[in-house]
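> missing the sequence, but the structure's below:
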Ligand code: 4NP
């Protein structure tokens with residue numbers, strides 16, 4: 001059995017529980033739902049034990065499906081985003097997840113302002129698991145580059161799952 005990653009629920013409880021990962025972007029309709037679907041599919045295909053969700057720091061799109069362009073781009077690579085619905089980050093996310101992964105520095109700064117006092121859940125940048133020169137997943141809602149966004153998300157998901165995911 002693989003050892004639990006530092007700071008995870010599995011380590012706290014002394015059992016081989018699934019790693020819980022929350023992806024966060026601004027609107028929760030482009031980047032973070034795409035990352036959610038990519039990591040979820042990768043974990044399922046490789047028998048990795050991970051629970052994945054996504055949320056936005058903003059509330060404009062709460063209850064809405066992902067952007068249709070994100071749904072279509074992901075579908076072309078075999079990812080199904082159609083059942084996802086946007087939600088806003090909530091305080092309980094900081095205790096419900098072992099790791100919170102932000103898509104850019106503004107998302108991470110916004111998350112830090114929402115962090116409950118005393119909470120120490122790691123908040124990382126998704127690009128920490130990708131190319132050395134990356135410091136953000138550019139927002140395709142503005143750039144319209146949904147393919148490039150998917151390329152980067154697939155690379156970062158590969159790096160993240162290598163670092164954290166455990167066999168189920
Ligand atoms: P996301 O992209 O953060 O990747 O979901 C955005 C989608 C919508 C908006 C901003 C970013 N918006 O301002 O409506």
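That came through fine. From a predicted model like this one, the values you see are computed outputs, not experimental measurements.
> CA atoms for contacts and neighbours, from now on please.
OK.
> Show me which residues of the chain are close to the ligand?
Neighbours of the ligand within the chain, by CA under 6 Å from any ligand atom: 25, 26, 27, 28, 29, 30, 31, 139, 141.
> hmm, which of those residues are the buried ones?
Those of these that meet the buried threshold are 25, 26, 27, 28, 29, 30, 31, 139, by 16 or more other CA atoms under 10 Å.
> Make a markdown table out of those residues and add secondary structure and pLDDT.
Putting those into a markdown table (DSSP: H, G, I helix; E, B strand; the rest coil; pLDDT from 0 to 100) gives the following:
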| residue | secondary structure | pLDDT |
| --- | --- | --- |
| 25 | strand | 98 |
| 26 | coil | 98 |
| 27 | coil | 98 |
| 28 | coil | 98 |
| 29 | coil | 98 |
| 30 | coil | 98 |
| 31 | helix | 98 |
| 139 | coil | 98 |
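> could I get the residues of the chain next to the ligand as CSV with distance to residue 93?
Output for these, formatted as CSV (distance: CA to CA, whole Å):
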residue, distance to residue 93
25, 14
26, 15
27, 16
28, 15
29, 18
30, 20
31, 18
139, 23
141, 25
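> dump the residue contacts of the residue most central in space within the chain.
By CA atoms, centre = their mean, the chain has its centre lying nearest to residue 23, at 2.4 Å. With contact taken as CA atoms under 8 Å, 6 or more residues apart in numbering, residue 23 is in contact with 32, 33, 35, 36, 52, 53, 54, 55, 100, 101, 102, 103.
> Can you name the two of the residues you listed that sit furthest apart?
Spatial extent of these (CA to CA) is set by the pair 52 and 103 at 14.8 Å.
> Could you check which of the two has the larger neighbour count?
residue 103 (24 against 21; other CA atoms under 10 Å).
> can you put the contacts of residue 23 in TSV and add distance to residue 85?
What follows is the contacts of residue 23, written out as TSV (distance: CA to CA, whole Å):
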residue	distance to residue 85
32	11
33	9
35	14
36	12
52	14
53	10
54	9
55	9
100	18
101	18
102	18
103	18
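> among the residues you listed, which are in strands?
52, 53, 54, 55, 100, 101, 102 (DSSP state E).
> Which residue comes closest to the first one once chain neighbours are left out?
Closest residue to residue 52 apart from its sequence neighbours, by CA to CA, 6 or more residues apart in numbering: residue 21 at 5.0 Å.
> Can you verify that neighbour is assigned to a helix?
No: membership of residue 21 in a helix is not supported by DSSP: H, G, I helix; E, B strand; the rest coil, which gives strand.
> nearest to the ligand, of the ones in strands among the contacts of residue 23?
residue 55 (8.8 Å; CA to the nearest ligand atom).
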